[in-house]
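Chemist: got a sequence here, can you build the structure:
(4 chains)
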There are 2 protein chains.
Amino acid sequence: MSIVYLPPHRTGDLHYLKRLNRSAILEMIRQTPGLTRADIATQAQLTKATVGNSVQTLLGQGWLSEGELHKSSGGRPGRALHLNDEHFALLGAEVGVHGLRLVACTLSGNIIESHHEQVLPASPEATAHTLAQLLKELKARPSMADRHCLGIGIALPGPVDPAAPVLRLAPNLNWQDVRFLDLIRPLVPEATSIWLMDNEAKSAAFGELYFRTGNIPHSLAYVSLGTGIGGGMVTDQSPPQLSRGAQGLAGEIGHTVLQPNGQYCHCGNRGCAETLASGWAIRAALGIAEDINLVDAISARQHDEDVQYVLRRAGETLGILLLNLHHTQNAAEIVLGGSLVQLGPAFLAPAQRYFAANQNRLLGNGQKVRLRILDDATFVAARGAAAQVLATVIHGSNDLV
Amino acid sequence: MSIVYLPPHRTGDLHYLKRLNRSAILEMIRQTPGLTRADIATQAQLTKATVGNSVQTLLGQGWLSEGELHKSSGGRPGRALHLNDEHFALLGAEVGVHGLRLVACTLSGNIIESHHEQVLPASPEATAHTLAQLLKELKARPSMADRHCLGIGIALPGPVDPAAPVLRLAPNLNWQDVRFLDLIRPLVPEATSIWLMDNEAKSAAFGELYFRTGNIPHSLAYVSLGTGIGGGMVTDQSPPQLSRGAQGLAGEIGHTVLQPNGQYCHCGNRGCAETLASGWAIRAALGIAEDINLVDAISARQHDEDVQYVLRRAGETLGILLLNLHHTQNAAEIVLGGSLVQLGPAFLAPAQRYFAANQNRLLGNGQKVRLRILDDATFVAARGAAAQVLATVIHGSNDLV
DNA sequence: TGTTGTTAGTTTAGAAAGAAAACTAAGACT
DNA sequence: AGTCTTAGTTTTCTTTCTAAACTAACAACA
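Modeler: Reported below is the predicted structural model:
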């Protein structure tokens, strides 16, 4: 892993300061659409002059648009400021075991175009080729014609060192140490300023927090329930930061051990959560072959005793896993996604029950952490990767376009 | 919990910029003693003029001192800059089940004075009274006479909401929702600018990272092995940030569940790590009464089969706990402290073995996370609380001094 | 309908910070 | 001693933000 030591403390010049204030203003409007220049000046402790200046620039660059007038309370009404959802586009993609998912979305995170291509796992090179082709097609759609593409984010199913950047491992694709961006960048000739890749659950976690507006939770953990179990957590910094850990293993909760002398996991250790509560574990327990769609197979046998039992046990284990995550990272909100959410209450209800019953053991009846289950997690990771592109542009060190 | 939503993005004026650069310069010298003005200008991307200006101020304020000349490489030799360890003092205290611990230390973290007072658990008010008295005595020692005291940090044995600030719970002291600073502040009349309190393991974690110089690890987790099991983690931000979570429960790894239908924990749940690997658990397994010192009792019976077995089992569980922490937060270094480190290899070796054997399962033979066991953890938390005071001064929003 | 009060946003003048470049200081090498 | 090189300071200039005056737009009310 490349980042091993603490990054140096930040210094800045006047240009940096201007950049800082400009992104802060943009960020405020992003989080709270409809703010006026005066609101921003008050909240950000900047003068109206400074705010007015920056807003003018941001309007000119296509980041913001002016909206309706606020209601007057006895004075000149302020003009609402919003993100300009017409000018830019963000691209996001997810490489998964079951296919490639692509989205194009606006600054607010609204999906303009999306595509899900079912492909079998292939080599990194072949996958890059296919994805490049699909990206080109997506960019060629009419709705994308007048938009400036800020960059492309790619979510991958395994631990990623985003500094290198390299995908360290993707057991389900049988990939190892893949520099995916190096493979795909040359295949998409039109220059896009930003390319990034990250772990799928981390991208998803980031997007779920970052594209929220209004009262944005302090932190958010995303648990990705698929063939394996991944996790990502966004911490309470501003801008939000993904916790990655020293080797990119933060959030690898599928390999936390819950049964010391349990079954062997593909990682070589025994009793990992993945041997008890993952798609892989459920398949193994019910003897469902790999080439059969798990969700379909289960819904066909859903009233089967065995199926109910296996799902309940897996769900209970998931509950423990969530509680352990709660007592380790204590996110303000936990979001469950991944293909296994389609298994429904037979799997998820036991987890919810266990978590609800035990999450407040220590503090008594305080505020509860919300456990949210996504209805449709299809494009969550791809959209999250797009969110990371936006965050990189807004909070990065380059000027905004 | 008071902080529930994302903090607003930071803006700043010219004064803020100056403050930012000045703390960055101070922080650089703190992390790498002996830097010259020219080194700083190069690394921080500031001009020599700006650096020279700030350094002059910092020298004048007593933060820095000039040291020896560097070796010349064919030009004028630069002058080494160090923290001035004579001018300021930091105070730290820990309220524990077995007594009160106090330290006074320099900006570099060197302990000037310390005191360990064995007292039985008492009410918050009585404890505040005793601690205030001891603090006054510590401040009155001759070595403290010419020092300006920057503030006092207090480490407490339970989850703390540092924003309020309130100690939510300390099961071993039988305290709940205690605003300890409100109790002790009026009893120490001499105005100290900064008062803060935090969880004991978090303070310890912070201090272990913050008072390091040279190659500072990217992140650090501290596991406090005592009557219960606490944890704290410092993340890879600059300045380093403690992860607290939405309710201050981040790091409460003693209540992660490792045995779904295991023994009941004092928290009410079953199979918590604390029921398997804590001082409490070892006592219970060996039938050692609460009023007997655990470490003494064990060392008296250390060749006993039962004792060996219980310690080995507890150690194995600790190993799992550490691995789970590794796969959740992935700190660059894990430090073990607390009174139980004195139990030695009979307890700790199984944990080390399990962790070493399994920590690289996912990534293969990469860089290893270091597992460090403290020889003497007596003043670690108190010193860490002092470190937090320093960090608050350096990185806080007020001007230095 | 005009006058007054209030708040939003802009313009202008001024202060403060860092950058750039010239300058002085101090050592190594010839 | 003279030259080269690097450290650190001083001076001048540019950039950014602030402060305060100004214009704009609306409500309330006579």
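
Chemist: got the domain ranges for chain A?
Modeler: A:14-69, A:88-205+A:381-395, A:214-377 (automatic domain parsing).

Chemist: quick check: the residue of chain A nearest DNA strand D.
Modeler: Residue of chain A nearest DNA strand D, by CB to the nearest atom of the strand: residue A:76 (3.1 Å). (Glycine included, C-beta is placed from N, CA and C.)

Chemist: count the residues that sit near that residue.
Modeler: When neighbours are defined as other CB atoms under 10 Å in any protein chain shown, residue A:76 has 9 of them.

Chemist: and for residue A:264?
Modeler: The tally of other residues near residue A:264 (other CB under 10 Å) stands at 11.

Chemist: correct me, but residue A:150 touches residue A:192?
Modeler: Yes - contact criterion CB atoms under 8 Å: residue A:150 and residue A:192 qualify, at 7.5 Å.

Chemist: could you find the closest non-adjacent residue to residue A:328?
Modeler: Closest residue to residue A:328 apart from its sequence neighbours, by CB to CB, 6 or more residues apart in numbering or on different chains: residue B:328 at 4.8 Å.

Chemist: list the contacts for that neighbour?
Modeler: A:231, A:250-253, A:256, A:324-325, A:328-329 (CB atoms under 8 Å, 6 or more residues apart in numbering or on different chains).

Chemist: what of residue A:302?
Modeler: Residue A:302 touches A:308, A:346, counting by CB under 8 Å, 6+ apart.

Chemist: sec struct for it, please.
Modeler: Using DSSP: H, G, I helix; E, B strand; the rest coil, the structure places residue A:302 in coil.

Chemist: how far away is it from chain B?
Modeler: Distance, residue A:302 to chain B, using CB to the nearest CB, to the nearest Å: 25 Å.

Chemist: ramachandran angles for residue A:231?
Modeler: phi -150, psi 150 (degrees, to the nearest 10).

Chemist: just confirm it contacts residue A:225, I think it does.
Modeler: No - taking contacts as CB under 8 Å, residue A:231 lies outside contact range of residue A:225: 10.0 Å.

Chemist: turn the domains of chain A into TSV, including mean pLDDT.
Modeler: Formatted as TSV, the domains of chain A follow (pLDDT from 0 to 100):
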stretch	mean pLDDT
domain A:14-69	97
domain A:88-205+A:381-395	95
domain A:214-377	95
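
Chemist: for these, which one sits closest to residue B:53?
Modeler: Nearest of the domains of chain A to residue B:53, taken as CB to CB: domain A:14-69 at 14.9 Å.

Chemist: check contacts around residue A:80.
Modeler: So residue A:80 contacts A:33-36, A:66-70 (CB under 8 Å, 6+ apart).

Chemist: filter the residues you listed to the buried ones?
Modeler: A:35-36, A:70 (16 or more other CB atoms under 10 Å in any protein chain shown).

Chemist: for chain B, state which of these is nearest.
Modeler: residue A:35 (11.5 Å; CB to the nearest CB).

Chemist: double-check that the closest one belongs to a strand.
Modeler: No - remark: residue A:35 does not belong to a strand; assigned using three-state DSSP, it is coil.

Chemist: wait, it sits on residue A:81?
Modeler: Yes - here residue A:35 reaches residue A:81: they are 5.7 Å apart, a contact under CB under 8 Å.

Chemist: mutual contacts of these two, please.
Modeler: residue A:29.

Chemist: re the thing from before, reformat the contacts of residue A:80 as CSV; add distance to chain B.
Modeler: As requested, these are exported to CSV (distance: CB to the nearest CB, whole Å):
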residue, distance to chain B
A:33, 15
A:34, 16
A:35, 12
A:36, 16
A:66, 21
A:67, 21
A:68, 24
A:69, 25
A:70, 20
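
Chemist: spatially, which two of the residues you listed are the most separated?
Modeler: Longest span within the contacts of residue A:80, CB to CB: A:33 and A:69, 14.9 Å.

Chemist: quick one on the thing from earlier: and residue A:150 and residue A:192? Which one has more around it.
Modeler: Per other CB under 10 Å, whichever of residue A:150 and residue A:192 has more neighbours is residue A:150, with 23 against 16.

Chemist: quick one, helices of chain A?
Modeler: Remark: helices assigned in chain A by DSSP state H are A:14-31, A:37-44, A:48-60, A:124-140, A:180-184, A:200-210, A:274-277, A:279-286, A:294-300, A:305-326, A:345-358, A:380-395.

Chemist: deepest of those, which one?
Modeler: Ranked by mean neighbour count, these are led by helix A:200-210 with a mean of 30 (mean count of other CB atoms under 10 Å in any protein chain shown).

Chemist: so what secondary structure elements neighbour it?
Modeler: With contacts taken as 3 or more CB pairs under 8 Å, 6 or more residues apart in numbering or on different chains; DSSP states H and E, helix A:200-210 sits against strand A:88-96, strand A:148-156, strand A:220-225, strand A:229-235, strand A:241-242, strand A:333-337, helix A:380-395.

Chemist: hmm, who's touching the shortest one?
Modeler: Residues from elsewhere that reach strand A:241-242 (CB under 8 Å, 6+ apart): A:198, A:202, A:205-206, A:232-235, B:235, B:237.

Chemist: next: the fourth one.
Modeler: Counting contacts by CB under 8 Å, 6+ apart, the residues outside strand A:229-235 that touch it are A:157, A:199-206, A:208-210, A:219-224, A:240-243, A:250-254, A:273-274, A:277-278, A:321, A:325, A:329, A:331, A:338, B:235, B:241, B:243, B:328.

Chemist: rerun that using 7 Å as the cut-off
Modeler: A:199-202, A:204-206, A:209, A:219-224, A:240-243, A:251, A:253-254, A:273-274, A:277-278, A:325, A:329, A:331, B:235, B:243 (CB atoms under 7 Å, 6 or more residues apart in numbering or on different chains).
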